[in-house]
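[1] mind folding the following:
(one chain, ligands or ions: 2)
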Amino acid sequence: MFEKLSQRLLGVFESMRGVQTLTEDSLSKILREVRISLLEADVALPVVRTILARLKESILGEKAVKGTSPSETFTKVVHDEIVRVLGQETKVLSFEKKPTIILFVGLQGVGKTTSVAKLAHHLKTKENKSVLVASADIYRAAAQEQLETMAGYAHAEMFKISEKMTPQDIAKNALKEAKNYDVLLFDTAGRTHLDDAMMQEAKDIAKIIQPHETVFVADAMQGQSSLSIAQAFHDKLNLTGIILTRLDGDARGGVALSVSETLGLPILFAGVGEKIDDLDVFHPERMAGRILGMGDVVSLVEKAQSQMDMNQVQNLTEKMFSGNFDLNDMLAQINQMKKMGSMKKILKFMPGMGGLTEKLQDAGMNDNTVKYQEAILLSMTHKERENPDLLLMSRKERIAKGAGRPVAEVEKLLKNHQKMKKMMAKMQDAGGLEALMQNMPKM
Ligand SMILES: Nc1nc2c(ncn2[C@@H]2O[C@H](COP(=O)(O)OP(=O)(O)O)[C@@H](O)[C@H]2O)c(=O)[nH]1
Ligand SMILES: [Mg+2]
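    Numbering: from 1, shown residues only. Ligands and ions are numbered 1, 2, ... in the order given. You can find the predicted model right below:
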């Protein structure tokens, strides 16, 4: 869905090729191009303004990095900004409460009922949760059957309503039944337009079920009108997150780039089709990568930066030796390795450390596996990388799926991390840090 925006932005970067220094003039010309790209993608005007202001600030603030062209630096700045407007971090739902109650709201036809069933499927298969679904839609003739059928695909239980139940009755009774489940997903009726009665009903339901998450479902194809509707729901219901549907369509993507920034809410999931498993966890970083289609340039800039900035290397090296080497550091190290060439190269500079090269190879630290390890690490949350002991089997499976690697590889990475930690201690004993810094060639 971001094809057009992708093409335009890539065109902007392309036009900067060969530019050696960025003048005030050329910068404002380029920013104007970016502005047009965003507006054409149907990004909301206030969000476009925010993005441009921050881009300008970052560009002017960015130290000129020797070895990178303005085009490369600019690409990285735009990438980082897109990650930011998409919500920065992947938001992971918490299921500490039992049952965890999630209320779905939004206009009619946006994909609420479908998303309830998809999320039920996701939670059952990826999170191993027991799920009850319920629908307060008593208005549309087939609404209850629709959810029941789709929930059936997910093998989730559906709360059965009896005749004459009001939406409020359904809320009360479904809540009672949900005591035996990990999660209650509560679907509501929508109207084709904003409507006081609909809002009041949703408020009544929220008051009864006291949801932990109130999710607004928005159709990415509907463009900017979704934003004011979302805002109206937010004002009344205190939304906690967004599900964007129809990202498989040919929408221009503006809603995705506007909704999180406008409401200050995370996009939790993206609907990417009509089938039960067409629901993806929304990763801002990966989405930005997809939009720009050029993660390589981003790391290229980082590579040059690291080669120029020995402080950065020193910081990481110090961390390596600190004994608190967690998976976030491992990820940072993988990034460093990509920039620096390889671990071997670093070790070569350290007297007496040559032998460790093989051991690192044994521990899986060769260039081929690094790519996969990075994918696995990126599929974890920051917290999980901080404390890998948190990782239960179900999460490991999910991480494996997210990274497109077998679970055994996730397990192996965790073991390798333990090994590395030990190895770091060994290096410290050899007085490696100072030796490393002294022998580092001037780059
Ligand atoms: N292509 C596509 N269609 C979707 C998606 N989500 C929902 N739909 C379709 O949109 C239509 C309306 O969905 P529904 O869940 O009934 O919307 P509700 O009125 O908000 O409950 C159905 O035909 C769904 O199959 C999606 O992510 N992609
Ligand atoms: Mg529905």
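
[2] any idea how far I276 is from R8?
    35 Å (C-beta to C-beta, to the nearest Å). Bear in mind the C-beta positions are built from the backbone N, C-alpha and C, glycine included.

[3] and the residue in the chain positioned nearest to ligand 2, what's its pLDDT?
    Residue nearest to ligand 2 within the chain: T113 (3.3 Å; C-beta to the ion). Listed pLDDT for T113 reads 97.

[4] next one: A430
    For A430, the pLDDT comes out at 60.

[5] separation between A44 and K91?
    Plainly put, A44 is 21 Å away from K91 if you go by C-beta to C-beta.

[6] quick one, which of R8 and I276 is more surrounded?
    Counted by other C-beta atoms under 10 Å, R8 and I276 do not tie: I276 has more neighbours, with 19 against 16.

[7] for the spatially most central residue of the chain, give me its contacts.
    Closest residue to the average C-alpha location of the chain: H283 at 1.9 Å, with C-alpha atoms, centre = their mean. Contact partners of H283, counting by C-beta atoms under 8 Å, 6 or more residues apart in numbering, are T90.

[8] start the count at 305, not 1, going forward
    Will do, 305 is the new start, and the previous item becomes H587.

[9] quick check: beta-bridge partners of the residue of the chain at minimum distance from ligand 1?
    In the chain, the residue found nearest to ligand 1 is G575; the distance is 2.6 Å by C-beta to the nearest ligand atom. Here G575 sits in beta bridges with L583, going by DSSP bridges.

[10] burial count for it?
    Neighbour count for G575, taken as other C-beta under 10 Å: 25.

[11] please apply the same query to D552.
    15.

[12] state whether it and V576 are indeed in contact, as I suppose.
    Yes. Using C-beta atoms under 8 Å, D552 makes contact with V576 at a distance of 4.5 Å.

[13] joint contacts of those two?
    D582.

[14] V437 should be in a helix, yeah?
    No. Counting by DSSP: H, G, I helix; E, B strand; the rest coil, V437 falls outside a helix, being strand.

[15] how about the contacts made by T429?
    For T429, the contacting residues are D581, by C-beta under 8 Å, 6+ apart.

[16] give me the neighbour count for the residue lying closest to L349 once chain neighbours are set aside.
    For L349, ignoring the flanking residues on the chain, the nearest one in space by C-beta to C-beta, 6 or more residues apart in numbering is L343 at 7.4 Å. L343: 13 surrounding residues under other C-beta under 10 Å.

[17] and M727, how many neighbours does it have?
    Residues near M727, counting by other C-beta under 10 Å, number 18.

[18] name the helix or strand for it, please.
    Assessed by DSSP states H and E, M727 sits inside helix 711-733.
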